[in-house]
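Participant: Return a 3D structure for these sequence lines:
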Amino acid sequence: PAGTAMAAEAPPVPPLKLLTRGPDGATLYVGDGRAMAPSGGVRGVPCGAAVWSADGALLALTQPEGVAVYDAHSERLVGTVPAPQCVAVAFSPGGTYLVCFQKPAAAERNLGAWDARTGEQVFGCASKAYSKSTWPSLMFSGDDSVMVRQVTNEVHVHSARDWSTPAARLRVPGVAAASLAPGPGGMVAVFVAEAKGQPASVRLHPLPDKPGEVVETPAVARKSFFRVNEVRFAWSATGEAVLVRASADVDVSNQSYNGESSLYFLRADGSVDCQVPLEKEGNVHAVEWSPSGKSFVVVYGQMPARATCFDLKCKPTYELGSGAYNMAVWSPHGRFLALAGFGNLPGDVGTFDRKADGKLKPMGGMRARDQVDLQWSACGRYVMTCTTAPRLNVDNGFKVFTYRGEQVCDVRLKQLFQASWRPAPPGVYPDRPQTPRAAGEKPPEVAGPPKPAPFRPKHLQGVETTAKFSLAKDADDKGPGRPGAYRPPSAQAAAAGPPGAEGAAESKAAAKNRKKREAAARKKAAEAAGGA
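Facilitator: Take a look at the predicted model:
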């Protein structure tokens, strides 16, 4: 019986690891989340960039002579990729290959794919420019068996049988960006910019299966629009749907100096292709798919921004209220959600617990001032925020909070460029619900800085005013709950009705004319009474 009980015990979970990169190099911190200390393996290793593999098994550090690949568990060097002067690096989804972009002067074929452990180059080509929004330029399928590359007017599909030559070529005239679906369906999304009066469009194409031929397959789904300069694709984890965040440099309504943006939803089977129904005017600040790929959350609108959760039919399922937010991050298990507002916002963070019925209940919150980024740990119990340079050059370091908002760790560094948790594959850390609070225990209060008195110009000092504005919440915000019937912003603005309608606001001219009509009616009634 004792042996049976020991066999039934859950295996021990590995400690958490957190990578920091600064002017002194890369260092790994190890601990349980509440206490993080530098490890003895990777400590002060010189590097220009650092990236984890998707399963957290490997760590790549770029150096002047090449890319060093470390085993994340033992923290020992397992391989070196001979790619000097590497500017950007990325792992394939399966962790088999390493995509490197070198300075054009360093190599004739400065964009290539390398075996992450042996250092053997399997593919190489010349590339002039590097863009963070479209990186990595070489996109692999989930099992690392197919690679896709965008070229002029075509999308090349390479196979693991022979990486050097394209197995198939998809003809897309005017293609400006492409993104490969992560699932096994073999779907690619492409963006074609405006040209000669024709609108820009996003299309979903199945990968061609005719080797060596140039084919032009019909699109499964398509969406067209004007005034779009750039798009960013966000695929669900299963590859069933893609979100397209379209943006323009200029806002024609003059309501934002950051341009304008919109959000579109397309199913890979072509059943749905529409614009995401957002009830508030303003830009889209953040879009995040849940790890299950069955829902996504959008943070949008003028401040205070609104957050809404949608399903795979692009129907709103739950309203998270409004606040000073511009970021949304799901925990690795998809159980918890964090909404945060960094940058020029106060740094408020709210955490939510997703229930079985789809509702998201508030768990806690905190005020993380002067932070730049937020990430969940692999176990889903802790949240890390960091202050990095060059965004902020003072008070650099990282802080760790529990999922309820209690600060448990604070590490200050002289200068910090990057901080990121080590990821883990599913099953390493159990999916645990909230720990029940003790009897009589109250949620921790979020202690923010004292609020200064609002500014009032001299001509309004001592005068009572009824106008109210809050950056933290909309005036009509009812808090988290099920959404009502969708009403576009244009319908909300016209809810008061035309002038003169019942319930509409009365202007000064209308009030003056109404008083004249009432006075004339009273005078006429008095004359009629005198004559009688």
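Participant: What helices and strands are in contact with the longest helix anywhere in the chain?
Facilitator: Using DSSP state H to define each element, the chain has its longest helix at helix 508-531. With contacts defined as 3 or more CB pairs under 8 Å, 6 or more residues apart in numbering; DSSP states H and E, helix 508-531 has no packing partner among the helices and strands. Where you see a C-beta, it was placed from the backbone N, CA and C, and this is true even at glycine.
Participant: what residues are up against Met147?
Facilitator: By CB atoms under 8 Å, 6 or more residues apart in numbering, the contact list for Met147 reads 113, 123, 138-141, 157-159, 163.
Participant: in the sheet, who's paired with it?
Facilitator: Phe140, His158 (DSSP bridges).
Participant: any idea how far it is from Pro277?
Facilitator: 36 Å (CB to CB, to the nearest Å).
Participant: ok, longest strand in the chain?
Facilitator: Longest strand in the chain by number of residues (criterion: DSSP state E): strand 36-45.
Participant: strands paired with that one, and their directions?
Facilitator: By DSSP bridges, strand 36-45 pairs with strand 25-31 (antiparallel).
Participant: Name the secondary structure element that contains Thr317.
Facilitator: Element membership for Thr317 (DSSP states H and E) is strand 316-323.
Participant: Report all helices and strands that whichever helix or strand comes after that strand contacts.
Facilitator: Sequence-wise, the next helix or strand downstream of strand 316-323 (DSSP H and E) is strand 327-330. Other elements packing on strand 327-330 under the criterion 3+ CB pairs under 8 Å, 6+ apart are strand 284-289, strand 295-300, strand 336-340, strand 373-376.
Participant: Of these, which is nearest Asn258?
Facilitator: strand 284-289 (10.1 Å; CB to CB).
Participant: Show the average pLDDT along the closest one.
Facilitator: For strand 284-289, mean pLDDT is 93.
Participant: By mean pLDDT, which helix or strand of the chain comes out lowest?
Facilitator: Of all helical and strand segments in the chain, the minimum by mean pLDDT, DSSP states H and E falls on helix 2-8, at a mean of 45.
Participant: next helix or strand past that helix?
Facilitator: Once the chain leaves helix 2-8, the next helix or strand it forms, by DSSP H and E, is strand 16-22.
Participant: pLDDT below threshold where in this structure?
Facilitator: 1-11, 185, 212, 254-256, 437-479, 481-505, 532 (pLDDT under 70).
Participant: Repeat the analysis, applying 50 as the threshold.
Facilitator: Counting by pLDDT under 50, the ranges of the chain that qualify are 1-8, 446-451, 496, 500.
Participant: Distance check, Arg522 against Arg109.
Facilitator: Distance from Arg522 to Arg109, by CB to CB: 92 Å.
Participant: How about Pro390?
Facilitator: 31 Å.
Participant: When these two are compared, which one has more neighbours?
Facilitator: Shown here are Pro390 and Arg109; by other CB atoms under 10 Å, Arg109 has more neighbours (12 against 7).
Participant: Would you mind confirming that that one is in contact with Cys125?
Facilitator: Yes. Under the criterion of CB atoms under 8 Å, Arg109 makes contact with Cys125 at 5.6 Å.
Participant: Same list, the helices and strands packed on strand 327-330, but as TSV with distance to Thr238 and mean neighbour count please.
Facilitator: Below are the helices and strands packed on strand 327-330 laid out as TSV (distance: least, CB to CB, whole Å; neighbours: other CB atoms under 10 Å):
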stretch	distance to Thr238	mean neighbour count
strand 284-289	10	20
strand 295-300	12	23
strand 336-340	19	26
strand 373-376	20	20
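Participant: Tabulate the ones you listed in TSV, adding columns for distance to Ala57.
Facilitator: Formatted as TSV, those follow (distance: least, CB to CB, whole Å):
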stretch	distance to Ala57
strand 284-289	23
strand 295-300	28
strand 336-340	25
strand 373-376	19
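Participant: And those strands: which comes nearest Ala26?
Facilitator: Among the helices and strands packed on strand 327-330, the nearest to Ala26 by CB to CB is strand 373-376 (16.5 Å).
Participant: Note down every partner strand of the closest one and its orientation.
Facilitator: Sheet pairing here is set by DSSP bridges, and for strand 373-376 it gives strand 382-387 (antiparallel).
Participant: Just the C-alpha atoms of the partner strand, please, in CSV.
Facilitator: The C-alpha trace of strand 382-387 is given here as CSV (Å, rounded to 0.1, in the frame of the first residue of the first chain):
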residue,chain,number,x,y,z
TYR,A,382,3.0,34.2,-10.8
VAL,A,383,3.2,37.4,-12.9
MET,A,384,6.4,39.1,-13.8
THR,A,385,6.7,42.8,-14.7
CYS,A,386,9.9,44.5,-15.8
THR,A,387,11.4,47.9,-16.4
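Participant: contact partners of it?
Facilitator: 16, 18, 33, 338, 340, 349, 351, 368, 370-377, 395-403, 408, 416, 419, 421.
Participant: what's the angle between it and strand 16-22?
Facilitator: 10 degrees (axes from the mean of the first three to the mean of the last three CA atoms, to 10 degrees).
Participant: strands paired with the very next helix or strand once past strand 382-387, and their directions?
Facilitator: Once strand 382-387 ends, the next helix or strand along the chain (criterion: DSSP H and E) is strand 397-402. Paired with strand 397-402 in the same sheet, following DSSP bridges, are strand 382-387 (antiparallel), strand 407-412 (antiparallel).
Participant: Output these as JSON lines; include the columns mean neighbour count.
Facilitator: Output for those, formatted as JSON lines (neighbours: other CB atoms under 10 Å):
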{"stretch": "strand 382-387", "mean neighbour count": "25"}
{"stretch": "strand 407-412", "mean neighbour count": "14"}
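Participant: for those strands, which one sits closest to Ala307?
Facilitator: strand 382-387 (16.8 Å).
Participant: what about that closest one, distance to the chain center?
Facilitator: Centroid separation for strand 382-387 versus its chain: 16 Å, with CA atoms, centre = their mean, to the nearest Å.
Participant: what's the burial count for Lys515?
Facilitator: Lys515 has 10 neighbouring residues, counting by other CB under 10 Å.
Participant: same deal with Pro14?
Facilitator: 16.
Participant: Return the distance of it relative to Val51.
Facilitator: Taking CB to CB, one finds Pro14 at 20 Å from Val51.
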